[in-house]
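> Predicted model and sequence follow; I will ask about them next.
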Amino acid sequence: MQSDLVISRLVKDFGTFRAVDDVSFAVPQGSFFSILGPSGCGKTTLLRMIAGFEDPTSGSIEISGQDMRGVAPNRRPVNLVFQHLALFPMMDVAGNIAFGLKRRGVPAAEIRRRTEETLERVDLPGFGAKRVQQLSGGQKQRVAIARCLVLEPKVLLLDEPLGALDLKLREQMKVELKKLQAKIGTTFVYITHDQSEALVMSDTVAVMNKGRFEQVGTPQELYGDPHTPFVAGFVGENNRWAGTVEDMDEGTVLIRTDENLVFRSRRRGDARKGPATLFLRPEAMVIEPADASGLNTFPVTVKAILFDGANSRLLTASPSGHELLVALPQNRSFDHIRPGETITLGWHPQSGIAFAASGEGMS
């Protein structure tokens, strides 16, 4: 498949600090690609280099097969949607969307046609005469996107565009953005520190840490098969134990945790004996398993019931006091469980992932 964006060996130094460290990736045409990472990991610097606002120290950026070296921001086939949108309050919606076309000297009739067409594409037909102040937060988001789309970019860059929205609107806009991108077919490159945004919306996610990509894959791959301790800890919720891998067979490793619990966990090709960290998802644990054969089992004390509708969980503690989150599945009733009770948890060895304490993958 043809790629709209190809990044090769990209580096950005600010004095002695390396913000982006030898990053390479390609974004297929028409896909939704997210860069996920904590504040300060280099993702905004990377986006600014793609947009042309920062010059790389080394490496190359190609958009639609064209090398962007020396190409000014306003000459690049990309547009950037900022977190704070930067809509013009003195203009109506149509004026905001038409702004870039007017600056390019596009004829008035063409501007009107393209503005109305773009409003249709973002599901805001007839909104041209409205003032920005009359719009909801979600509508403002779509106007900001429409203002970029009307210029027909090859790649739309989005810099944490949902960060300023309240929680309920943010949840709604995740779905809206995914549907919008699928409808219009423009390539989206989206940066965020919110792993839920990245997982829900993206075709592909790159997890960034300290200037480098730790793993690139589908949301399902990152969640189900993290390659590094950072990815395991950053993408989704995880319980973790420190311990030591004492033995291994063809399919599993035997890990003894620092609180002397002994578990079998999935083995990967680079497994080795020694200090390790074990990661286990809250939903991987079965409460009071009816058939414990083949499972790792251990007792815990219920400390609290964390009710959150479909995301309700138990806060539990192992005999040594190690706290663990356990998901409450929706297909069973656990109304009988009370804080202070001791229950048994079980989990399948293939659900756990162990990494060597040095950070090298192992499980």
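Looks like it arrived, so ask away. Numbering: from 1, shown residues only.

> Run through the helices of the stretch 101-250 of the chain in chain order.
108-121, 137-149, 167-184, 195-201, 219-224, 229-234 (DSSP state H, counting those that start in this stretch).

> Can you say which of those helices is nearest to Arg281?
helix 219-224 (8.3 Å; Cβ to Cβ). For the C-beta atoms, the positions are set from N, CA and C on the backbone; glycine is no exception.

> Mind giving me the packing neighbours of that closest one?
With contacts defined as 3 or more Cβ pairs under 8 Å, 6 or more residues apart in numbering; DSSP states H and E, helix 219-224 has these neighbours: helix 195-201, strand 204-209.

> I'd like the mean pLDDT over the first one, please.
In this model, helix 195-201 has an average pLDDT of 92.

> and the angle from the lowest-mean-pLDDT helix or strand in the chain to helix 108-121?
None of the helices or strands of the chain scores lower by mean pLDDT, DSSP states H and E than helix 167-184, at a mean of 85. Here helix 167-184 runs at an angle of 120 degrees relative to helix 108-121 (axes from the mean of the first three to the mean of the last three Cα atoms, to 10 degrees).

> Relative to Leu119, how far out is Asp92?
Counting by Cβ to Cβ, to the nearest Å, the gap from Asp92 to Leu119 is 12 Å.

> Need the residues touching each of these two.
Residues touching both Asp92 and Leu119 by Cβ atoms under 8 Å, 6 or more residues apart in numbering: Gly128.

> The two - which one has more neighbours?
Counted by other Cβ atoms under 10 Å, Asp92 and Leu119 do not tie: Leu119 has more neighbours, with 21 against 16.

> and that one, what does it touch?
The contact partners of Leu119, by Cβ under 8 Å, 6+ apart, come to Val93, Ala94, Ile97, Pro125, Gly126, Phe127, Gly128, Ala146.

> Among the residues you listed, name the buried ones.
Val93, Ala94, Ile97, Phe127, Gly128, Ala146 (16 or more other Cβ atoms under 10 Å).

> which one of those is nearest Glu54?
Nearest member of the buried ones among the contacts of Leu119 to Glu54, counting by Cβ to Cβ, is Ala146, at 26.2 Å.

> Contacts only, for the closest one.
Neighbouring residues of Ala146 by Cβ under 8 Å, 6+ apart: Ile97, Thr118, Leu119, Arg121, Val122, Leu124.

> Can you tell me how far it is from Gln66?
Taken as Cβ to Cβ, the span from Ala146 to Gln66 is 25 Å.

> now do Leu199
32 Å.

> who has more neighbours, the two?
Neighbour count, other Cβ under 10 Å: between Leu199 and Gln66, Leu199 has more, with 19 against 12.

> Contacts only, for that one.
Taking Cβ under 8 Å, 6+ apart, we find Leu199 in contact with Val205, Pro219, Leu222, Tyr223, Val235, Gly236.

> Now the contacts of Leu119 in CSV, please, with extra columns for pLDDT and distance to Leu158.
What follows is the contacts of Leu119, written out as CSV (pLDDT from 0 to 100; distance: Cβ to Cβ, whole Å):
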residue, pLDDT, distance to Leu158
Val93, 93, 19
Ala94, 94, 22
Ile97, 93, 17
Pro125, 91, 23
Gly126, 91, 25
Phe127, 93, 21
Gly128, 91, 23
Ala146, 89, 13
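
> Just name the closest of those residues to Ser293, please.
Scanning the contacts of Leu119 for proximity to Ser293, where the rule is Cβ to Cβ, the winner is Ala146, at 57.7 Å.

> Need the contacts of Leu199 in CSV (columns: distance to Pro28).
Formatted as CSV, the contacts of Leu199 follow (distance: Cβ to Cβ, whole Å):
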residue, distance to Pro28
Val205, 14
Pro219, 16
Leu222, 17
Tyr223, 21
Val235, 21
Gly236, 25
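
> Among those residues, which has the minimum pLDDT value?
Checking pLDDT across those, the minimum falls on Gly236 at 89.

> Gly217 versus the residue nearest to that one when sequence neighbours are not counted, what's the distance?
Nearest non-adjacent residue to Gly236, counting by Cβ to Cβ, 6 or more residues apart in numbering: Tyr223, 5.4 Å away. Computed as Cβ to Cβ, the Tyr223 to Gly217 distance reads 9 Å.

> Check Phe127 too.
38 Å.

> try Asp249
Asp249 is 27 Å from Gly217, by Cβ to Cβ.

> The two - which one has more neighbours?
Between Asp249 and Gly217, Gly217 has the larger neighbour count (other Cβ under 10 Å), namely 17 against 9.

> ok, what's across the strand from that one?
Per DSSP bridges, the residues bridged to Gly217 are Val205.

> could you list every residue that touches Val216?
Phe25, Thr204, Val205, Ala206, Val207 are the contacts of Val216 under Cβ under 8 Å, 6+ apart.
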